[in-house]
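Undergrad: Any chance you can model this:
(2 chains)
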Amino acid sequence: MPAKPSILYVEDEARSRRVMRLLLQNSMKLEHVTIFEDSSNFMERAKAVTPKPDIIFLDIHIAPHNGFQMLDMIRNSQYFKDQIVIALTASVMNEEVRKLQQAGFNGCLAKPIDMDVFPDLLARMVQGEAIWHITA
Amino acid sequence: MSLPRYLSQLSVGTKLNILLFVIFALLVGNIVLTTQFNIDTLFSGLGDERVADEDALVSSRLLEFNENLIRNAQLLAESTDAIRVAGGLRDTSGIRRLSESAPYNDVVVEVVNNDGDVVFTSIPPGIGYMGTGEGRAPLVDVPLLRGANWSEFVLEDEASGAQAFIGASVPVINEQGNRVGALVLNQPVNVEFLNGLRTDREAVDFFLVADGEVIVTNSEVPVPAELVDSMGAREARLGQSFVNDDTVIIEGIGETRVAYFPFRVNFRTKATMGTLIRFDDIAAARQQITASSILGVVLPGALALVLVFGFVYFIVTRPISRLNNVTEQMAGGDLTARAESSAEDEVGQLATSINTLASQIQARIADVEEARDRAEQSDQVKSSFLASMSHELRTPLNAVINFTKFVARGDLGPVNDEQKETLEEVVDSAKHLLNLINDVLDMSKIESGSLNLFVVDNIDLKPLVEQAVSSGKVLLEDKPVEIHTEVAEDLPAIRGDRQRIVQILLNIISNACKFTDEGSITVRAYRADEEVIISVADTGSGIAKDDQASVFQAFMQTDLGLRQGGGTGLGMPITKNLVEAHGGTIDLESEPGKGTTFTVKLPVTSEQLVPTLA
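TA: From the prediction side, this is the model:
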């Protein structure tokens, strides 16, 4: 697995996008960071991302396809076989986390993101570790 | 099985029918017995009357016959033929006339002289009765010298066989007024004679008994031996008429009453005349009347019984069993079932009551369901409100905290130390706000009762304890505090909500880290029976006795706690609630200045927790 993974992030809220952009590109100096502002034509656009994402972060409350629907598309796609998909959401009450687990996400990062531990968590998640980082 | 218990198992209809049947049987039985008794009494009286009638009739006939016989004998005795023959004249023409002068076909005419010798008999010698004939003793042993007219029964029992006669004897007086002999008429008691005794009915037979043997009878069937040698026969022989009260059954005749009267021979009763009075017609009539009377009671009774059974079935049994079916249906859960009854009696009222009851139960259930739906709905509304609150508060905090950190770190341009310090204060405040939000939302969930555990089996506590300890170490910063962790080897995996157990461990461990400035913190986890015990002992400031109770109460953080911990004051109340939701307990022991020990006990497998299906 590359030390500098390719990342796809789907987020409709501008400030959250900026936080991740600053974190991934400015702080961590990652080169392959793709951020979608909405989920329209999601699969088409996701497949077009190069290099192929090592990890995908999905916001949950997003249109036209919400996080769960995007996850379903990924899981039903041969192209994204065994893709690591992490929910990045502010909806982290117990029941919501449970829904994420049941839906088949590989992990979850709660907003607000803890930028101090994020690099370590990212490295571990890319390795395939299931991390449910809920408490901020 | 005892009778009451057996009866209790029968249906009401069956019990009523049994009762009715018993009443019916008693009534009918009573009527039948009474009828039978009355009929018997009636016919018994009737029978006695008939016997008396027959007896009187036969007696008067015999008497009449006797008188006729004597009268005839007198007429004959006064004839010159009789005077001559008695006087010793063998006048053939006179004798012939005497022979032909018998008043009845088979009457024997005899003339006796003063010496007692038979000088004439109408029976030719050698014919008829043994020993008859002129020169022998007369059939009737006539005491001629008495000179009176009389009649008597005569019994001839020579070797030729017993033969009974009725004889009449009168003196023969000549013109000079001297008695010259006697004239005797002998009537044999034979079948023809007995037939002549009969009244117009064919219902009476006679039999003459002497020395225990039947001498003559006009009965077509043999007279039973027990009637021949009976008490009645013996009584009559002693001179008393006797009537049997009971009927006897004689083969070939049927029901018969028997009467006896004496039959005198030579002034002595030697024989008995028995009469068989047929009762077959009376018996038949009695049977017919009895049968028709009983049928007249039993048939309408049976019909009435069938009607009553039907009535009971339609009025009691069927409605009750219908009600029973309906209530069973209702008990089975079908409350839409309704009892149908148009009757306005108790059963009808019961049906109405059952229907009302079912309607009320339905209404109550509808109310309860509505209330439950409303509660669920409101629960859902609350939950989704809390969820969106959480989401809406966390989203801006993501920007606040991280943008501030970027600026403070100098990622967006140089900052001086004072600016950096100030920005870090912003981050801490924002984090505190975040904790506050988390705790307040958790508390809201607990208060609203919508804290739902996501229960799984086999939670391994060791890594969770270690994770919480390492999180706590961060809080110690550079305080001179050592953390010791002692996790028992045999610590079992438990059932519970993993996330919430992590929250519990984090709370009690971070609490200790926050409030301990020097010394040590010891975290122990071990098994005791069916419980897992996790204790966190610190050497911190301790909690005053008066304050200990408020530790677990929401919004009651102590002054010191607020100052030192900087928390929300909700951590311990939430922890207590989470522990109790797992079926466990949390306690604290503390001495101000020496330290505090929190002890959490969690059941290994709590029955109150059911694993949530994924």
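Undergrad: Report the separation between the residue in the stretch 51-200 of chain B positioned nearest to chain A and B:T217.
TA: Closest contact between the stretch 51-200 of chain B and chain A, by Cβ to the nearest Cβ, is at B:V51 (114.6 Å). For the C-beta atoms, the positions are set from N, CA and C on the backbone; glycine is no exception. Distance of B:V51 to B:T217, given as Cβ to Cβ, to the nearest Å: 18 Å.
Undergrad: same thing with B:S384?
TA: For B:S384, the distance to B:T217 - Cβ to Cβ - is 125 Å.
Undergrad: Who has more neighbours out of these two?
TA: Taking neighbours as other Cβ atoms under 10 Å in any protein chain shown, B:S384 and B:T217 compare with B:T217 leading, 19 against 12.
Undergrad: Longest helix in chain B, please.
TA: For chain B, the longest helix by residue count, based on DSSP state H, is helix B:12-77.
Undergrad: What's the mean pLDDT across that one?
TA: For helix B:12-77, the mean per-residue pLDDT is 82.
Undergrad: quick one: that helix to chain centroid distance?
TA: 45 Å (Cα atoms, centre = their mean, to the nearest Å).
Undergrad: how far out from the middle of the chain is the helix or strand following that helix?
TA: Going down the chain from helix B:12-77, the next helix or strand is helix B:80-86, by DSSP states H and E. Here helix B:80-86 is found 98 Å from its chain centre; the criterion is Cα atoms, centre = their mean.
Undergrad: which residues are contacting whichever helix or strand comes after helix B:80-86?
TA: Later in the chain than helix B:80-86, the nearest helix or strand by DSSP H and E is helix B:92-100. Helix B:92-100 is touched from outside by B:76, B:79-82, B:84-85, B:109, B:111, B:120, B:122, with contacts defined as Cβ atoms under 8 Å, 6 or more residues apart in numbering or on different chains.
Undergrad: Now helix B:92-100: buried residues?
TA: B:94-95, B:97-98 (16 or more other Cβ atoms under 10 Å in any protein chain shown).
Undergrad: Same question for stretch B:273-290.
TA: So, applying 16+ other Cβ under 10 Å, buried residues of stretch B:273-290: B:273-279, B:282-283, B:286, B:290.
Undergrad: Other residues contacting that stretch?
TA: By Cβ under 8 Å, 6+ apart, the list of residues contacting stretch B:273-290 reads B:35-36, B:39-40, B:43, B:46-47, B:50-51, B:54-55, B:58, B:203-209, B:219, B:223, B:227-228, B:232-233, B:236, B:247, B:250, B:253-263.
Undergrad: Off-centre distance for the host helix or strand of B:M572?
TA: Taking DSSP H and E as the criterion, B:M572 maps to helix B:571-581. Distance of helix B:571-581 from its chain centroid, counting by Cα atoms, centre = their mean, is 64 Å.
Undergrad: any residue of that helix up close to chain A?
TA: No: against chain A, helix B:571-581 shows no contacts by Cβ under 8 Å from any Cβ of the partner chain, the least distance being 10.9 Å.
Undergrad: which strands and helices sit next to that helix?
TA: With contacts taken as 3 or more Cβ pairs under 8 Å, 6 or more residues apart in numbering or on different chains; DSSP states H and E, helix B:571-581 sits against helix B:417-448, helix B:498-515, strand B:585-591.
Undergrad: what does the top strand by length along chain A rub up against?
TA: Determined from DSSP state E, the single longest strand within chain A is strand A:84-89. Strand A:84-89 has contacts (Cβ under 8 Å, 6+ apart) with A:9, A:11, A:16, A:20, A:54-61, A:67, A:71, A:74, A:96, A:100, A:104-111, A:113, A:125-126, A:128, A:131, B:391.
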